[in-house]
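Enquirer: next input, structure requested:
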Amino acid sequence: MAKLQSRTTGTTPLDDDLIYVTNNAGSAEVKMERNVFFQNTAEAVTATADGLTTGLITDGTRFVSVTSGNAAHVIVLPAGTIGDVILGWVGATACEMQTLAGTNTTINAVDCDGANEAALPATHFFRATKVAALTWILEGVDEDGLAAQIVPDTDA
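Expert: You can find the predicted model right below:
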């Protein structure tokens, strides 16, 4: 079993912002940042024809409530940081999800920064996870709690 401790080494002020994890024998130690950034904000976004203005999800957002005027309107994922997870709920009208224009960023292995997009069904929950510099994994769940496969395709 590992033990978690915060300690000051006194060598530099930055060392005070580290957490050390050691095994019980004390033979292995891992340093982690104590003051890491946590996503903890929620926001409402309104899908737009081009995904701009009210359709942009803000960097650092943890939960998004999505409204849309029609199923062809778009919301756009932020640049994000590897490890970011954005949860969301799409209201009564479906919409599309894209990545920032010109970035070559993918959603479920499809470049979605322009002609391609992922359709988000109405009354569905989604989770977008940034797993690499240019890669988001998008998962969906319907209102009954059943998995909903999301496969990006060409803008219709």
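
Enquirer: C-alpha from now on. contacts and neighbour counts both.
Expert: Fine.

Enquirer: so where's this protein uncertain?
Expert: Within the chain, the stretches with pLDDT under 70 are 1-39, 155-156.

Enquirer: surely residue 154 meets residue 114?
Expert: No. At 9.0 Å, residue 154 does not count as touching residue 114 under the criterion of CA atoms under 8 Å.

Enquirer: more neighbours: the two, which one.
Expert: Summary of the neighbour comparison: residue 154 and residue 114, criterion other CA atoms under 10 Å, with residue 114 having more neighbours (17 against 12).

Enquirer: what about that one, which helix or strand?
Expert: In the assignment (DSSP states H and E), residue 114 maps to no helix and no strand.

Enquirer: state the distance from it to residue 148.
Expert: With distances taken as CA to CA, to the nearest Å, residue 114 is found 23 Å from residue 148.

Enquirer: quick check: domain ranges of the protein?
Expert: If you go by automatic domain parsing, the domain ranges for the chain are 2-33, 41-154.

Enquirer: please work out which of those is packed deepest.
Expert: domain 41-154 (a mean of 19; mean count of other CA atoms under 10 Å).

Enquirer: figure out the length between the terminal residues of that one.
Expert: Domain 41-154 has its terminal residues 31 Å apart, counting by CA to CA.

Enquirer: that one: how far from the chain's middle?
Expert: For domain 41-154, the gap between its own C-alpha mean and the chain's C-alpha mean amounts to 9 Å (CA atoms, centre = their mean, to the nearest Å).

Enquirer: now do stretch 149-156
Expert: On CA atoms, centre = their mean, the centre of stretch 149-156 falls 18 Å from that of its chain.

Enquirer: quick check: bridge partners of residue 130?
Expert: residue 136 (DSSP bridges).

Enquirer: my guess is it meets residue 108, correct?
Expert: No. In this structure, residue 130 sits apart from residue 108 without contact. The criterion is CA under 8 Å, and the distance is 10.6 Å.

Enquirer: need the overlap of contacts for the two.
Expert: Contact criterion CA atoms under 8 Å, 6 or more residues apart in numbering; residues shared by residue 130 and residue 108: 136-137.
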